[in-house]
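1. A structural model of the following input is requested.
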Amino acid sequence: MNSRRMTRLLDPAARRFGWWVAALSLVPVVSAAQESSPQRLEEIIVTSSLVETPRRQIGTAVSVIRGQDIELRGYHSIADILRTQPGIGVSNSGGTGKITTLRIRGEESFRTLLIIDGVKAVDTTAPQVAPAFDSLLTTSDLDRIEVLRGPQGFIYGADAGGVVNVLTRAGEGDISGRLGLEYGEYGTAKYDAYVAGGSETGDYFVSVTDLKTDGFNSRIDDTVLADVDGADNTTLHAKLGWNAADDLRVQLVARDIDASARYDACFSPVTFAPVHACATTTEQTTYKTSLDYRSGNFGNVVGWSEVNMAKDDFAEGVSAFATEGALSRLEYTGSYRPSDSMTLVYGLDFQNEKVESDETLERDQKAYYVEYQGAFGESVFFAAGARYDDSDDFGTHTSARLSGAYIQEISGGNSLKYRASVGTGFRPPSLFEVAYNRGPFAFPPASGVTLSEESSSGYDLGLEYDSAAGVHLEITYFDQEIEDEIFFDLAGFSGYLQSLGTSTSKGVELGARAPLGKRWEILGNWTRNDTEDTANEQRLRRPKNLGNVGIQYASADDKLRLAAHYRLSQDSIDIGGVALDDYEVLDVSVSYAFSSALELYARIENATDEDYQELIGYRTPGRAAYGGVRFRFAE
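-> Numbering: from 1, shown residues only. Predicted coordinates:
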């Protein structure tokens, strides 16, 4: 990458983020003057290669959100938690429960894979198979979220955006539990509870979360009905484990989401005119049964999972579009580690996808993959792998990834990591897209098009600094592209077509996390993302600049915790090239534990009452205050 190109990418940071970039640049100096904190435990990542791998050995771009940070920030939606991470933008169409699109490095949600406890949690009923972030709540079972950025997730058969891996807690020790009650703005009430426990024989974690909100009027042009558009969501979760032998574990994970939301902008079933009396219901059930057997240098995991989705949309109380879908998977992942410097990961999966509406659509897909992980001493790590997919609809596809990391130890227990990765991905045409082009509503040119898979490729180069005092700084340059992009013919409405050009996304990600003394911590990230569609125009709803800065405090006895989080979005456009608002949002939260059994908490979202739009014509929430209490018990 030439110096002029890098300068063009970094100049906006100096102009728009200079005040906090300069502050973060002082962190190593400040920390060096403080008393050194104990060496942190080696962080383990599972998302990059399906097996537990020390983070320092990974050459891919991965970010991690800790469960305690999720709880402190208090957001109701997992999408709102994810938007605090580098490279991630979110668009929401009018509040809780409404369509929510999450983009990693500028790629659509339907080019991103969501995994919850090993289950591909996607909505097969959607026109493009995608994660249903609009109904995904933050719940008390969340342990951590890992995000793999870019088309590097070959081992999953993943798409171009990346992988979001949600990991939930397992029970342990004597029986314990928690009950939480929260109330706040827009008539919002949230109740959540869990009970957990475990022993050498087995463990359990069962939780329930219920969220109700009156919401606000979603669309600006809804001036006649002018009603509020609320949402309800009840999420049940269970993780049950049985240690059948010293080397054999059996686990069942189940999750059920029952959600509904009211929204604006649908069409009357009588007059076909636009109306604002609209509603949607979602019922999603996921489960996975797995066997984990470890013997010597070998690891073996076999799992069966299923995702069932039922959705219905209503206009003026009349069902307008009801669909059901299912995704069933049989998976095997094996690993062989003959030495500390070599690991071989291999596996296969068989998948059946089904959608039922006016007709039943179905297809099968099978895949095989292998990855070699190697090391030279304690400083050089590399991995190379490939995956082969064979589908009923789009035939065969091979994707691959090569990554590497070099650790340079410097004085005082500090280190630099140089990392690089290059990989390919793909997105098969959805059952809906294929069926539409074969159906009665398609006509030339779309009716004559046999859709094939989209192809993606990309690379990133990164540098990470870690100090013995707990400072972490990183910078990543990324460059990726999509070929054979599938899109709907908005000019002639003939159906789905495939692009002959290339869509691109490239830019720079900065990230930092550092202690300030023993009680404070500062964290932040900034992303510069330049995108172009096949016509060399900026892609819609992709901000060129995304930034997050946060500061957190914990008292010496850990009873009082504070957090302030500031985010901004700049230089984004919507349909027709209309500029979207640049905006800055500040959220503040606090919690205080009076005892091990009682904790009070409160937060203010959009504390400055910023008025902005993430989508043209849709409102966003103003200043909103929430407060609650958590009761804990343990034997």
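2. What strand or helix carries the closest residue to residue 348 other than its chain neighbours?
-> What sits nearest to residue 348 in space, not counting adjacent residues and going by C-beta to C-beta, 6 or more residues apart in numbering, is residue 368, at 4.8 Å. C-beta: built from backbone N, CA, C; applies to glycine. Element membership for residue 368 (DSSP states H and E) is strand 360-376.
3. Which strands or helices does that strand pack on?
-> Secondary structure elements in contact with strand 360-376, counted by 3 or more C-beta pairs under 8 Å, 6 or more residues apart in numbering; DSSP states H and E, are strand 342-356, strand 380-391, helix 431-438.
4. Neighbouring strands - and their directions - for it?
-> With DSSP bridges as the criterion, the sheet partners recorded for strand 360-376 are strand 342-356 (antiparallel), strand 380-391 (antiparallel).
5. Could you grab the helix/strand/coil label for residue 542?
-> Remark: residue 542 carries the secondary structure label coil [criterion: DSSP: H, G, I helix; E, B strand; the rest coil].
6. residues touching it, list them.
-> 89, 103, 106, 505, 529, 531, 572 (C-beta atoms under 8 Å, 6 or more residues apart in numbering).
7. thought residue 191 was touching residue 207?
-> No: with the criterion set as C-beta atoms under 8 Å, residue 191 and residue 207 do not qualify as a contacting pair; they are 11.2 Å apart.
8. When those two are compared, which one has more neighbours?
-> Summary of the neighbour comparison: residue 191 and residue 207, criterion other C-beta atoms under 10 Å, with residue 207 having more neighbours (23 against 16).
9. nearest spatial neighbour of the more buried one, skipping sequence neighbours?
-> Taking C-beta to C-beta, 6+ apart as the measure, residue 207 lies nearest to residue 194, with 3.7 Å between them; neighbours along the chain are not counted.
10. With residue 495 instead?
-> Closest residue in space to residue 495, ignoring its immediate chain neighbours: residue 446 at 2.8 Å, by C-beta to C-beta, 6+ apart.
11. That neighbour: neighbour count?
-> Residue 446 has 21 neighbours, counted by other C-beta under 10 Å.
12. and it, what does it touch?
-> 436, 437, 489, 494, 495, 496, 497.
13. do residue 127 as well
-> The contact partners of residue 127, taken as C-beta under 8 Å, 6+ apart, are 430, 432, 433.
14. so can I have a markdown table of the residues you listed showing distance to residue 288, neighbour count and pLDDT?
-> Listed next are the contacts of residue 127 as a markdown table, based on distance: C-beta to C-beta, whole Å; neighbours: other C-beta atoms under 10 Å; pLDDT from 0 to 100:
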| residue | distance to residue 288 | neighbour count | pLDDT |
| --- | --- | --- | --- |
| 430 | 23 | 25 | 91 |
| 432 | 25 | 21 | 91 |
| 433 | 27 | 22 | 92 |
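15. out of those residues, which one sits closest to residue 485?
-> Nearest to residue 485 out of those is residue 433 (C-beta to C-beta; 11.9 Å).
16. Now do the contacts for that closest one.
-> Contacts for residue 433 (C-beta under 8 Å, 6+ apart) come out as 127, 128, 451, 486, 496.
17. bridging residues for the residue nearest the centre of the chain?
-> Note on the chain: the residue nearest the mean C-alpha position is residue 164, at 3.9 Å, using C-alpha atoms, centre = their mean. Assessed by DSSP bridges, residue 164 has beta-bridge partners residue 114, residue 147.
18. what's the distance between it and residue 626?
-> 25 Å (C-beta to C-beta, to the nearest Å).
19. Contacts made by stretch 488-499 with the rest, please.
-> Residues outside stretch 488-499 that contact it (C-beta under 8 Å, 6+ apart) are 429, 433, 436-437, 441-447, 449, 451-452, 483-487, 534.
20. before we move on, back to that, among the contacts of residue 433, which are in strands?
-> Of the contacts of residue 433, the ones assigned to strands by DSSP state E are 486, 496.
21. now the contacts of residue 433: which count as buried?
-> 128, 451, 486, 496 (16 or more other C-beta atoms under 10 Å).
22. What strand or helix carries residue 334?
-> Using DSSP H and E, residue 334 sits in strand 318-339.
23. An error on my part: the question was meant for residue 79.
-> Assessed by DSSP H and E, residue 79 sits inside helix 78-82.
24. need the next SSE after that helix, C-terminal direction.
-> Scanning forward in sequence from helix 78-82, with DSSP H and E defining helices and strands, the next element found is strand 88-92.
25. Provide the strand pairings for that following strand, with the direction of each partner.
-> With DSSP bridges as the criterion, the sheet partners recorded for strand 88-92 are strand 100-104 (antiparallel).
26. So what's the model's average confidence on the partner strand?
-> Mean pLDDT, taken over the full extent of strand 100-104, equals 96.
27. With stretch 449-456 instead?
-> If you average the per-residue pLDDT over stretch 449-456, you get 90.
28. end-to-end on it?
-> Between the opening and closing residues of stretch 449-456 there is a gap of 20 Å (C-alpha to C-alpha, to the nearest Å).
29. mind listing what's buried in it?
-> So stretch 449-456, judged by 16+ other C-beta under 10 Å, has buried residues 449, 451, 452, 453, 454, 455, 456.
30. what's the spacing between stretch 243-253 and its chain's center?
-> Here stretch 243-253 shows a centroid-to-chain-centroid distance of 28 Å under the convention C-alpha atoms, centre = their mean, to the nearest Å.
31. picking up where we left off before, verify the stated contact: the residue nearest to the centre of the chain with residue 120.
-> No: with contact defined as C-beta under 8 Å, residue 164 and residue 120 do not form a contacting pair (11.1 Å).
32. residues shared between the contacts of these two?
-> Among the neighbours of residue 164, those also in contact with residue 120 (C-beta under 8 Å, 6+ apart) are 113, 114.
33. Now do the helices in the chain.
-> Assigned by DSSP state H, the helices in the chain fall at 3-16, 18-25, 27-32, 67-73, 78-82, 431-438.
34. Does the residue nearest to residue 207 touch residue 141 like I think?
-> Yes: at 6.3 Å, residue 194 and residue 141 qualify as touching, with contact defined as C-beta under 8 Å.
35. Could I get the pLDDT score of residue 47?
-> Residue 47 is assigned a pLDDT of 79 by the prediction.
36. Phi and psi next, for it.
-> Dihedral angles phi and psi of residue 47 (degrees, to the nearest 10) take the values phi -70, psi -30.
37. Hmm, it is touching residue 155, no?
-> No: with contact taken as C-beta under 8 Å, residue 47 and residue 155 are classed as non-touching, separated by 9.6 Å.
38. between these two, who's got more neighbours?
-> When residue 47 and residue 155 are compared for neighbours, residue 155 comes out ahead with 26 against 23, by other C-beta under 10 Å.
39. Would you mind listing the residues in contact with that one?
-> Residue 155 makes contacts with 49, 50, 345, 347, 369, 371, 385, 387, 401, as judged by C-beta under 8 Å, 6+ apart.
40. per-residue confidence averaged over stretch 599-608?
-> Here stretch 599-608 scores 98 as its mean pLDDT.
41. Name the residues that touch that stretch?
-> For stretch 599-608, the surrounding residues in contact (C-beta under 8 Å, 6+ apart) are 73-75, 584-594, 620-630, 632.
42. Which members of the residues you listed are classed as buried?
-> The neighbour-count criterion (16+ other C-beta under 10 Å) marks 73-75, 585-591, 593, 620-621, 624, 626, 628, 630, 632 among the contacts of stretch 599-608 as buried.
43. Can you tell me which of the contacts of residue 433 is nearest residue 322?
-> residue 127 (14.6 Å).
44. Distance of that closest one relative to residue 323?
-> Using C-beta to C-beta, we find residue 127 at a distance of 10 Å from residue 323.
45. And for residue 447?
-> Residue 447 sits 22 Å away from residue 323 when distances are taken as C-beta to C-beta.
46. Between the two, which has more neighbouring residues?
-> Neighbours were counted for residue 447 and for residue 323 using other C-beta under 10 Å; residue 323 has more, 19 against 15.
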